[in-house]
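Asks: heads up, no residue letters with this:
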């Protein structure tokens, strides 16, 4: 009689699966709550202690770590010496293992959880059984995912050995234990306040396959910390499936809108950087002001809102070719209006970063890891370094400019007026070029730059950027400061009567 060992924390589909195993002649062996659930459903189950001849001990910490379990899992059926050895010790083979592990991540994520409770949810026997079964996958079915139950039952019913399926299940088992161990290692590092341990284990789950990457000749997939987290938490209400570039631009859009969560704001993103960003009285007003910054670049963009999208905003957006739109929610009629554009992806929800989430950048042969960039702060510690103090209106625009420039690719310059960008210079090799581009963008679409405020993501290394801004009519500037030529830059601002504020923080986004 073939033997199946079942020990799961996720009991989804367990009873129907076990019932069919019995119908195919399997003997069921189980532990703890899994055995109880199977018995309550009317199935006959042997306890693991019957197999090991040893009772569970240490509050269940020791129950499956026994030669009668691992010998039955690891013995190769095609090696006579293996079979003779287990027979000599009265060990029976185990032909199928179903294990998913203690809910470590869920326990560790609970607010206020005690370290002892987290440690008690470190599974020992489960990973050991999975690794043993997966190593001997030629003879042992090993399952960690309830979605695989049906495929395995089909193979058993047909009498198929299905080598490819067995190998895939082994791969999934090792990925499962690897991910589990990574989560445990990350928790221990966090407990000692170390964000950059000597080894940095990573574990992600595939949210979806993608048609291709940045270009059609590149393969791609979308992985998340946990299924349904971050961008995976968004609900798609319409349009084609998301592409690799859509997801990149969505991240840029949500980054741009994040500092304005307490306002009615709209960000229009092209190639991960804003081509328009504004606050307004409502969604429509914010959209119109953001679009006015650079309506040409907005073609084929991704748009993000900090507030729900109503009918008026949806009707305005529907006249523009847009790849994606994301907002906390949409009015029903707004979804219907946007749905008329079949290729427009409509996404609802709030995609948040996990607490303590890190930022990763891949480089050849390695990985760069850093803290996630914080939302730019507007503090009373800003230092007015010019002779002229910014006016009340300029203070509001400088605060907006500082939040806005954080999501623009470096070197970054934004020109703003009345809570909206009117010109953006992004990704330039020099800051004076970025200033020139911001002014050029603004004047090209008919904005008057006189009386505008300017935000820079890093210091001005020379006074030429200030001179260029002054020639465009800029009256106030916010920048980090910190250049060896700060005195020269401040003097230039004073010459032009520009109010200048130093924040003491840099906002590079490479």
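Replies: Now that the structure is in, tell me what you want to look at. What you see is a predicted model; the values in this text were computed from it and never measured.
Asks: Tell me which helix or strand in this structure has the weakest average pLDDT.
Replies: Within the chain, no helix or strand scores below helix 48-52, which has a mean of 76 by mean pLDDT, DSSP states H and E.
Asks: what's the next helix or strand after it in contact with?
Replies: As assigned by DSSP states H and E, the chain's next helix or strand after helix 48-52 is helix 67-74. If you take C-beta atoms under 8 Å, 6 or more residues apart in numbering as the criterion, helix 67-74 is touched by 3, 5, 48, 51-53, 85-86, 89, 91-94, 97, 128-129, 132-133, 135-136, 140. No exception for glycine: its C-beta is placed from N, CA and C like everyone else's.
Asks: Can you pick out the ones from those that are in strands?
Replies: 3, 5, 97 (DSSP state E).
Asks: and the last one, what are its bridge partners?
Replies: Pointing back at residue 97 there. residue 5, residue 142 (DSSP bridges).
Asks: and it, how many neighbours?
Replies: 28 (other C-beta atoms under 10 Å).
Asks: and residue 281, how many neighbours does it have?
Replies: Neighbouring residues of residue 281 were enumerated by other C-beta under 10 Å; the total is 10.
Asks: Ignore what I typed, I meant residue 451.
Replies: Residue 451 - counted by other C-beta under 10 Å - has 13 other residues nearby.
Asks: For it, which non-adjacent residue is closest in space?
Replies: In this structure, residue 451 finds its nearest non-sequential neighbour in residue 475, 5.7 Å apart by C-beta to C-beta, 6 or more residues apart in numbering.
Asks: ok, now which ones touch the one you found?
Replies: 394, 451-453, 497-499.
Asks: centre of the chain versus stretch 156-169, how much separation?
Replies: Mean C-alpha position of stretch 156-169 versus that of the full chain (C-alpha atoms, centre = their mean, to the nearest Å) differs by 34 Å.
Asks: Ok, stretch 315-330 next?
Replies: With C-alpha atoms, centre = their mean, you get 22 Å for stretch 315-330.
Asks: Span of it from start to end?
Replies: 12 Å (C-alpha to C-alpha, to the nearest Å).
Asks: Next: stretch 36-46.
Replies: Start-to-end, stretch 36-46 (C-alpha to C-alpha) is 11 Å.
Asks: go on, stretch 355-375?
Replies: End to end - C-alpha to C-alpha - stretch 355-375 spans 14 Å.
Asks: Only the buried residues of it, if you could.
Replies: By neighbour count with 16 or more other C-beta atoms under 10 Å, stretch 355-375 contains no buried residues.
Asks: contacts for that stretch?
Replies: 190, 195-196, 200, 202, 225, 258-259, 353, 403, 406, 507, 509.
Asks: ok, now with 10 Å
Replies: Contact partners of stretch 355-375, identified using C-beta atoms under 10 Å, 6 or more residues apart in numbering, comprise 109, 111, 186, 190, 195-196, 200, 202, 225, 229-230, 255, 258-261, 353-354, 403, 406-407, 505, 507-510.
Asks: hmm, back to that, quick check on the contacts of helix 67-74: which are buried?
Replies: 3, 5, 48, 51-52, 86, 91-94, 97, 128-129, 132-133, 135-136, 140.
Asks: pLDDT score assigned to the nearest residue to residue 51 once chain neighbours are set aside?
Replies: Nearest non-adjacent residue to residue 51, counting by C-beta to C-beta, 6+ apart: residue 68, 5.2 Å away. On pLDDT, residue 68 comes in at 77.
Asks: count of residues packed around residue 68?
Replies: 19.
Asks: Now do it against residue 79, distance only.
Replies: Going from residue 68 to residue 79 by C-beta to C-beta, to the nearest Å gives 19 Å.
Asks: And residue 355, how far from residue 114?
Replies: 17 Å.
Asks: Is residue 266 bridged to anything, and to what?
Replies: residue 278, residue 305.
Asks: count of neighbours near it?
Replies: 33.
Asks: got it, and residue 25?
Replies: With other C-beta under 10 Å as criterion, residue 25 counts 9.
Asks: what about it, which SS state?
Replies: Counting by DSSP: H, G, I helix; E, B strand; the rest coil, the backbone at residue 25 sits in coil.
Asks: Against residue 214, how distant is it?
Replies: Taken as C-beta to C-beta, the span from residue 25 to residue 214 is 52 Å.
Asks: same thing with residue 9?
Replies: Relative to residue 214, and taking C-beta to C-beta, residue 9 is found at 39 Å.
Asks: so what's residue 12 closest to, chain neighbours aside?
Replies: Nearest to residue 12 is residue 146, by C-beta to C-beta, 6+ apart, at 4.5 Å.
Asks: Ok, residue 337 next?
Replies: residue 314 (4.3 Å).
Asks: list the contacts for residue 500?
Replies: 383-388, 390, 398, 454, 460, 466, 476-479, 481, 486, 489-490, 492-494.
Asks: in which helix or strand would I find it?
Replies: strand 499-502.
Asks: List the strands paired with that strand, with their directions.
Replies: Strand 499-502 is paired, per DSSP bridges, with strand 383-384 (antiparallel), strand 476-479 (parallel).
Asks: for the record, mean pLDDT for it?
Replies: 96.
Asks: do the same with stretch 27-42
Replies: Average pLDDT, stretch 27-42: 88.
Asks: which of the residues in that stretch are buried?
Replies: Buried residues in stretch 27-42, counting neighbours by 16+ other C-beta under 10 Å, are found at 27-31, 34-35, 37-38.
Asks: Equivalent analysis for stretch 96-104, please.
Replies: Applying 16+ other C-beta under 10 Å to stretch 96-104 flags 96-102, 104 as buried.
Asks: In terms of secondary structure, what does the least confident helix or strand of the chain contact?
Replies: strand 3-8, strand 27-30, helix 67-74 (3 or more C-beta pairs under 10 Å, 6 or more residues apart in numbering; DSSP states H and E).
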